[in-house]
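Visitor: predicted model and sequence below, questions to follow.
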Amino acid sequence: MLSRPFAACAIALSLFVCSCTGGVAHGTARLDSPQSAAESIVTAIENSDRAAFLACLTGGAREALEAGEGFDLSSGGQLATNIGKAVVTGNEAAVPLTAEDDGEAQSMTLLLRKVDSEWRMYGIRMSAGTEGEITIDFQEMARMTNMMAEQMASSMQDSWNEALERQKAHAIAQRVQVFEQLRGLDNATFEQSWRNSTDFSGQTVEQAVTALAGELGLQIETAASSSSLQATVDTEVAGLSKIEAIERLCAQVSLAPVWPSVQMALQAEMSGESTEEHDRIRFEPASDDRHVSFAGPFAVRVTEVVQNVPYARGSLRLTTSAFGLDIGVLGSLTGLGETNVIDHVRDASGASLMAQENIRFWGGGTQRGTSFDSSTKVELKNMLRSVNSIGTAEGSRRLRLPQTVESIEFESPKIGDSGRVGDYTVKVKSIGASFSAEIEGSQEHIDEVAVFGRALDSSGNDMEISFDSASKWGRDKVLYSMNTDGSPAKFMLKIVTRSQVLEYPWSFSDIALDRHAEMPEALESLTFTGSQPITMTFDGFHNASNQFPEAKLTITNHTNKLIQSATATFVYVDAKRKKLGDHMATIQGDMTMNGTQPLAEPGATTTKKQTAFFRPDGTESMTIKLESIEFMDGSTWPEEKK
């Protein structure tokens, strides 16, 4: 059985690829811009023109789809299609697309790549509801399929083992690198490491950008912009972060840097491929709709704005990048918790657009050497017709600066072994493949403590650590735990006993919403009959003897609105109606290729099965207490307090 994300992939592929069967090309596809390419793709789909559709793809994607079999590709036809504005990032572009088929709106994003001078599609992206987003790279899907087919041969096992060994070796090398370079730093020394101190007067922009890129561990690709970069520097960039200095120098000659993806570089590295193209800064013409903010050593960019017509909802995606940062400091991001803080997203009048206030975004991101990037998606609501832009979006990036770092080692340790590091006592609590140590000491600075570990085998080689964490417990203790494959002969710990959390603010303004005219003028007021907006009744357990039985529910929507989800408390009772326990559950509609569908239409009754988690033994039945409802337009019941 396919998991939901994979099932959605299959559905999407069949919709966009399988609708193109037979036929011959109807004219020549226009691929000179992302917009015209998207129009050519839609025309090919509507005409069920397989040849024209394949002509719009990258070579790898075309080869992959031509090799595919087993799809019924006969369901083209005229669709009411809306093509949104392309978001271009270097040689890649994302074009939002909404199609109405039999009255049902289906949305996704076409993913395009510039090949020579033409824009061609290589994949699609869609929402998978609560399970996040799904990106389908046609070429990558074919590669994965081929890998699975090759798994039947003995050579596949060798390839798989090699990939695992590369991944293991990289994880060990990254940990050792962070561990060895982790040291105490003061803020002035750290700041000096990421700020530019060079006056580039008299040099060309190319010379200045090349020098700065080198300090960030990157190179530049100048082929398409060499003439522009020959201008003499007339922009003062001393004192700026090196990443902002490059942005300012490029702006002088009406260019914008296209920063490499750390995640793609890491994936290439894991596959044993060359990372050269992922370590280069490319350039593109500057545009008014490019939004970038500088937060200390980080650059924060708006990389996607989604407008979910007609529900007055959407999302804002922010991508954070840093290059050339101290490896020890970057490693300290792990375990920091909330690294990207979103203070607010508001319209021009100051009204909030955030679907959930005070939401916290924990951890995340990809580190590769001295480089880092991460992506944060902020869900939006109240995107009415009058809201033609995001007025302001503000927040901050956090990192932990280690100021005092102590070291301790335990060789062939026994439970109870202990040692001192600064003001703290470190005591071994468990050994073997699941090692743990308790760090106890100064209450005043216990919140600043962070722990980094290494595990060595009897030959002195580093072992892979599959999991480690440090958590505060009590008022003056931190428990550090690590899991390894086998029993290490030696444990090495570096303990940050003093640290400072640095916070760098970022902000954006006037982010255009180009589909605001398609949104409703106002949210419809909620009305319903009876005492509650919905009735939810329990109809027994499905697979009651299983470890995770499902509660069968009947839900009637008494309101005038589409319901997205409902949260209710399941109260488990025995045969005598005595309460045995309870569990809060969120019930949503079915997941499709377009994300989670409405749970219930206005006035409609539907049935659902919901996993009854934490159901105690002896449970015979349950009662349901309705807690809250979220509607498709972002409004809620009970109404959120202002």
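Guide: In hand now; what should we look at?
Visitor: helix or strand: which one has the closest residue in space to T135 that isn't next to it in sequence?
Guide: Residue nearest to T135 in three dimensions, not counting chain neighbours: R125, with 4.6 Å by C-beta to C-beta, 6 or more residues apart in numbering. C-betas here are computed from N, CA, C, even on glycine. In this assignment (DSSP states H and E), R125 forms part of strand 118-127.
Visitor: and Y122, how far from D137?
Guide: Between Y122 and D137 the distance is 6 Å, computed by C-beta to C-beta, to the nearest Å.
Visitor: residues shared between the contacts of those two?
Guide: Shared contacts of Y122 and D137 (C-beta atoms under 8 Å, 6 or more residues apart in numbering): 61, 111.
Visitor: which of these two has more residues huddled nearby?
Guide: Just comparing Y122 and D137: by other C-beta atoms under 10 Å the higher neighbour count belongs to Y122, 22 against 18.
Visitor: the more buried one and R50: what is the separation?
Guide: Remark: distance between Y122 and R50 (C-beta to C-beta) = 17 Å.
Visitor: now E247
Guide: Summarising the geometry, the distance separating E247 from R50, computed by C-beta to C-beta, is 44 Å.
Visitor: ok, E503 next?
Guide: The separation that E503 has from R50, given C-beta to C-beta, amounts to 54 Å.
Visitor: have a look at the two and say which one is more surrounded.
Guide: R50 (23 against 13).
Visitor: gap between that one and E66?
Guide: Here the criterion is C-beta to C-beta. By it, R50 lies 9 Å from E66.
Visitor: then E411?
Guide: 60 Å.
Visitor: V428 too?
Guide: V428 sits 60 Å away from E66, taking C-beta to C-beta as the criterion.
Visitor: same check on Q106?
Guide: With distances taken as C-beta to C-beta, Q106 is found 25 Å from E66.
Visitor: which of these two has more neighbours?
Guide: Between Q106 and E66, counted using other C-beta under 10 Å, Q106 has the larger neighbour count: 19 against 12.
Visitor: partner residues bridging the more buried one?
Guide: With DSSP bridges as the criterion, the beta-bridge partners of Q106 are A99.
Visitor: wait, it touches A99, no?
Guide: Yes. Contact criterion C-beta atoms under 8 Å: Q106 and A99 qualify, at 5.2 Å.
Visitor: now the strands for the stretch 151-300 of the chain?
Guide: 219-220, 255-258, 280-285, 292-295, 298-308 (DSSP state E, counting those that start in this stretch).
Visitor: who's in contact with E133?
Guide: Under the criterion of C-beta under 8 Å, 6+ apart, the contact partners of E133 comprise 125-127, 377.
Visitor: so where's the stretch 251-400 of the chain shaky on pLDDT?
Guide: Low-confidence regions of the stretch 251-400 of the chain, defined by pLDDT under 70, span residues 334-337, 363.
Visitor: in it, which spans are helices?
Guide: In chain order, the stretch 251-400 of the chain shows helices spanning 262-270, 327-331, with DSSP state H, counting those that start in this stretch as the criterion.
Visitor: could I get those in CSV, plus columns for mean neighbour count and distance to A86?
Guide: Compiled in CSV, those are given as follows (neighbours: other C-beta atoms under 10 Å; distance: least, C-beta to C-beta, whole Å):
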stretch, mean neighbour count, distance to A86
helix 262-270, 17, 20
helix 327-331, 22, 33
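Visitor: same list (those helices) but as CSV, adding distance to K561.
Guide: Written out in CSV, the entries for these read as follows (distance: least, C-beta to C-beta, whole Å):
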stretch, distance to K561
helix 262-270, 39
helix 327-331, 46
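Visitor: for T559, find the nearest of these.
Guide: When the helices of the stretch 251-400 of the chain are compared for distance to T559 using C-beta to C-beta, the nearest one is helix 262-270, at 42.0 Å.
Visitor: ok, what's across the strand from the spatially most central residue of the chain?
Guide: When the chain is reduced to its mean C-alpha position, the closest residue under C-alpha atoms, centre = their mean turns out to be S375, at 4.8 Å. In this structure, S375 has the following beta-bridge partners (DSSP bridges): T319.
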